[in-house]
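Novice: Can you look at this prediction? I've put the sequence above it.
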There are 2 protein chains.
Amino acid sequence: MKVGVVGIGHGKFGRREDNTVQELAFEPFRDALEDSGLSKDDIKATIIGSSPEYHKQRSISGVVAEYLGVNPQMTFLVEAACASSSAALHSAVAYIKSGMYDVVAVLGLQKMTELTTPEILALMGRVGDVQWESVFGTTFPGYYAMYARRHMYDYGTTEEHMAMVAVKNHLHGVDNPNAMFQKEIVLEKVLGSRPVASPLKLYDCCGNADGAACLIIAGEEKAKKISDTPVWLKGMGAASASMSVLRREKLNTIPSAVEASKQAYKQAGIGPKDLSLAEVHDCFTIAEIIAYEDLGLAKKGEGSKLIEEGQTYKDGDMPVNVDGGLKAKGHPVGATGASMAVEAVKQIRGEAGKRQVDGAEYALMHNVGGIGQYCFVNIFSR
Amino acid sequence: MKVGVVGIGHGKFGRREDNTVQELAFEPFRDALEDSGLSKDDIKATIIGSSPEYHKQRSISGVVAEYLGVNPQMTFLVEAACASSSAALHSAVAYIKSGMYDVVAVLGLQKMTELTTPEILALMGRVGDVQWESVFGTTFPGYYAMYARRHMYDYGTTEEHMAMVAVKNHLHGVDNPNAMFQKEIVLEKVLGSRPVASPLKLYDCCGNADGAACLIIAGEEKAKKISDTPVWLKGMGAASASMSVLRREKLNTIPSAVEASKQAYKQAGIGPKDLSLAEVHDCFTIAEIIAYEDLGLAKKGEGSKLIEEGQTYKDGDMPVNVDGGLKAKGHPVGATGASMAVEAVKQIRGEAGKRQVDGAEYALMHNVGGIGQYCFVNIFSR
């Protein structure tokens, strides 16, 4: 059974201290309902994608379901670190295909500004193995710095290449009113910014943000009744990889991304060359370069050429992160996957305004969890 | 499509300070594989049910998947407070019915002894609404104390009735080698124990425990190939209710449990009288009495009669919590639902040893999340 997206909503990403998690959730849920023309009583289950550790409120899906007014319908939370709402979407698709529910809402949701920065840093470090790795002081940027060093060593990738990714995504972000940072930056700004975990500097890192995004999905027949413009999930891939980097064969690739993208291309019956655009997980600039390779947009080791040649700009051959990516949008952990999916759907519908990629036919999203222990890849099309 | 349980495993519940979460997960996973005769490569996805806030390790499903050796298969974590692994099972059933995966493992998992008691208490309080309720000091036992007071006021339930539940479940627990507490207690011991949140006393409360339990499920055809004794999920119910007690119409019932049990009975095509036994969510003794009523084992207000007359003892008319329940087994939050399901399957198979209910045909499990914001009810049978 084909599964289609029939409603989308996307809140403003950024510092949203004045809003509770349930208030953040309400905005895109309301907009997705309006977009679909459905009422909340049509929603048979609401699946929340979020990393609950960053919230003071526990049992998030309980408090959100109440606030949205969807009781007594089923709800639960899905967590897969930074890929939480992609995992939630994957699970929601299973419910639709199973026939257990005919319409399901997926809500990516995160508040990152409730805790103090030291608390957040401590939690983030523990997304690595606490028995063998984080106990020795690894941090999240530290892991990606290792990937960057290895990629530089193996393929000659430079700090300038990484900086180019930041420049591109900030330029794209200017046209996204939901982005945390809507301002252009220049290469020198990135290269001159303070080191976070060498070779990664401040402007190589995405920003912690609060935010939420929502998708409403349904099976083929139902979706066609609800919407004149359903966008179909043509290919889905989901994979895991060892969490400890000490058990990874190579540090210049994310093996779960390679596996998940294989599955997605196969199911969609297309290859990388057929894509009109890709939303990739640029939590750090090096991650986008590695994603080019893992997704087959570039040959292994040639990711840096793609950005150097400007091919991944909106008007290039293979536009990547035309909404600004995690880099400019901000990265509300649990909301990021849903945000990518919303952008993909908008692009396929041709409703992306200034960000619109002409004639977008196939849009891919690539959402990595943690330091690569999860990856979800989806391909959307009409 | 019918969905069947083809493998089960259950670790020891209790204080397991010497084990990491991944080690706790390994025991029942290994046992469930052995029970099913499958190898780990047959497992297409592993869904973890857990409340991640209690662990130092984040991204639990990542570290567990690596330790179990199930990479690159898909994994994620499902959270619905104390009903986390029932939500994980529900989600796993959707995957089987959808045809996306043919064999899925569900792993309920929790370590409750990593944090200090004050840290745990603070986290538990925040399973209530942090905006309007827990901020004023409500605790988990405090919520259930309110339910108890209201039930006493409305129906004449007494502290003795509640104590009787503790006595029964401790007696049952003696025959469960996986229980945290394997010792009988007497009524006076319960009644004389120190107040926790009046009228609830220490022995009205279940114990925090570490633990894990695992189920392997498959669709009808596959299940029959794997196992000579598949146990089918004949009825499933899943519902939510408002999390704030201030928005509940009544405090003497858990509305999500009433709704979920209706769904489960309807799907199974049976009523409460057809049940051979029930595993219910006795996080506090009053919760078991309310469960009798919410599940239709007793008329509203007459739950106390059921325990007073001894009907819910193993040899009574309607055995409840023959494995000791949360009260004697201990309550490793995310593992509890999977533990209930494992016991139900054992009973239906006739493999429960000294705990065996003669001729068990239909076994129900009732897993409440938080203070009633979620409930999952499943009915198992041959």
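Specialist: Nice, thanks for sending it over. Numbers count the residues shown, from 1 in each chain, chains lettered A, B, ... in the order given.
Novice: When you work out contacts or count neighbours from here on, use the C-alpha atoms and nothing else.
Specialist: Will do.
Novice: And for the closest residue to A:Val174 other than its chain neighbours, the neighbour number?
Specialist: Distance criterion Cα to Cα, 6 or more residues apart in numbering or on different chains; nearest residue to A:Val174, sequence neighbours excluded, is A:Gln182 at 4.2 Å. Other residues within reach of A:Gln182, judged by other Cα atoms under 10 Å in any protein chain shown, total 19.
Novice: Tell me how far A:Gln182 lies from A:Val245.
Specialist: 34 Å (Cα to Cα, to the nearest Å).
Novice: re the thing from before, on the pLDDT front, check the residue nearest to A:Val174 for me.
Specialist: You'll see A:Gln182 listed with a pLDDT of 98.
Novice: which SS class is it?
Specialist: In three-state terms, and counting by DSSP: H, G, I helix; E, B strand; the rest coil, A:Gln182 is coil.
Novice: how near is it to B:Ser98?
Specialist: Counting by Cα to Cα - A:Gln182 and B:Ser98 are separated by 41 Å.
Novice: Quick check: A:Ser50 touching A:Ala335?
Specialist: Yes. Judged on Cα atoms under 8 Å, A:Ser50 makes contact with A:Ala335 at a distance of 6.8 Å.
Novice: what is in contact with these two at once?
Specialist: A:84-85, A:108-110 (Cα atoms under 8 Å, 6 or more residues apart in numbering or on different chains).
Novice: Which ones among those lie within strands?
Specialist: Within the shared contacts of A:Ser50 and A:Ala335, membership in strands is found for A:108-110, as judged by DSSP state E.
Novice: filter those residues to the buried ones?
Specialist: A:108-110 (16 or more other Cα atoms under 10 Å in any protein chain shown).
Novice: Which residue does chain A have closest to chain B?
Specialist: Using Cα to the nearest Cα, the single residue of chain A nearest to chain B is A:Ser98, 3.8 Å away.
Novice: quick one, what contacts that residue?
Specialist: B:94-99.
Novice: A:Lys40 versus that one, what's the distance?
Specialist: Distance from A:Ser98 to A:Lys40, by Cα to Cα: 21 Å.
Novice: swap in A:Thr253?
Specialist: Taking Cα to Cα, one finds A:Thr253 at 42 Å from A:Lys40.
Novice: element containing A:Val78, please.
Specialist: Assigned by DSSP states H and E, A:Val78 belongs to strand A:74-79.
Novice: Output that strand as CSV, restricted to C-alpha atoms.
Specialist: The C-alpha trace of strand A:74-79 is given here as CSV (Å, rounded to 0.1, in the frame of the first residue of the first chain):
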residue,chain,number,x,y,z
MET,A,74,-3.2,6.3,21.0
THR,A,75,0.0,8.2,21.5
PHE,A,76,3.6,7.4,22.4
LEU,A,77,7.1,8.8,21.9
VAL,A,78,9.8,7.4,19.6
GLU,A,79,13.4,8.2,20.3
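Novice: which residues sit against that strand?
Specialist: Counting by Cα under 8 Å, 6+ apart, A:44-52, A:60-62, A:65, A:84-85, A:87-88, A:334, B:59, B:76-80, B:87, B:238-240, B:374 sit against strand A:74-79.
Novice: Helices - which of those residues land there?
Specialist: A:60-62, A:65, A:84-85, A:87-88, B:87 (DSSP state H).
Novice: Make a markdown table from those and add distance to A:Gly271 and neighbour count to it.
Specialist: Putting the ones in helices among the contacts of strand A:74-79 into a markdown table (distance: Cα to Cα, whole Å; neighbours: other Cα atoms under 10 Å in any protein chain shown) gives the following:
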| residue | distance to A:Gly271 | neighbour count |
| --- | --- | --- |
| A:Ile60 | 38 | 29 |
| A:Ser61 | 37 | 32 |
| A:Gly62 | 40 | 33 |
| A:Ala65 | 39 | 28 |
| A:Ser84 | 26 | 36 |
| A:Ser85 | 25 | 37 |
| A:Ala87 | 23 | 36 |
| A:Ala88 | 25 | 31 |
| B:Ala87 | 36 | 36 |
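Novice: out of these, who's nearest A:Gly211?
Specialist: A:Ser85 (12.1 Å; Cα to Cα).
Novice: What's the local residue count around the residue nearest to the closest one when sequence neighbours are not counted?
Specialist: Nearest non-adjacent residue to A:Ser85, counting by Cα to Cα, 6+ apart: A:Gly49, 3.8 Å away. When neighbours are defined as other Cα under 10 Å, A:Gly49 has 37 of them.
Novice: ok, A:Gly49 - contacts?
Specialist: Per Cα under 8 Å, 6+ apart, neighbours of A:Gly49: A:77-79, A:84-88, A:106-109, A:334-335.
Novice: Switch the residues you listed over to JSON lines; also include pLDDT.
Specialist: Below are those laid out as JSON lines (pLDDT from 0 to 100):
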{"residue": "A:Leu77", "pLDDT": "98"}
{"residue": "A:Val78", "pLDDT": "98"}
{"residue": "A:Glu79", "pLDDT": "98"}
{"residue": "A:Ser84", "pLDDT": "98"}
{"residue": "A:Ser85", "pLDDT": "98"}
{"residue": "A:Ser86", "pLDDT": "98"}
{"residue": "A:Ala87", "pLDDT": "98"}
{"residue": "A:Ala88", "pLDDT": "98"}
{"residue": "A:Val106", "pLDDT": "98"}
{"residue": "A:Leu107", "pLDDT": "98"}
{"residue": "A:Gly108", "pLDDT": "98"}
{"residue": "A:Leu109", "pLDDT": "98"}
{"residue": "A:Gly334", "pLDDT": "97"}
{"residue": "A:Ala335", "pLDDT": "98"}
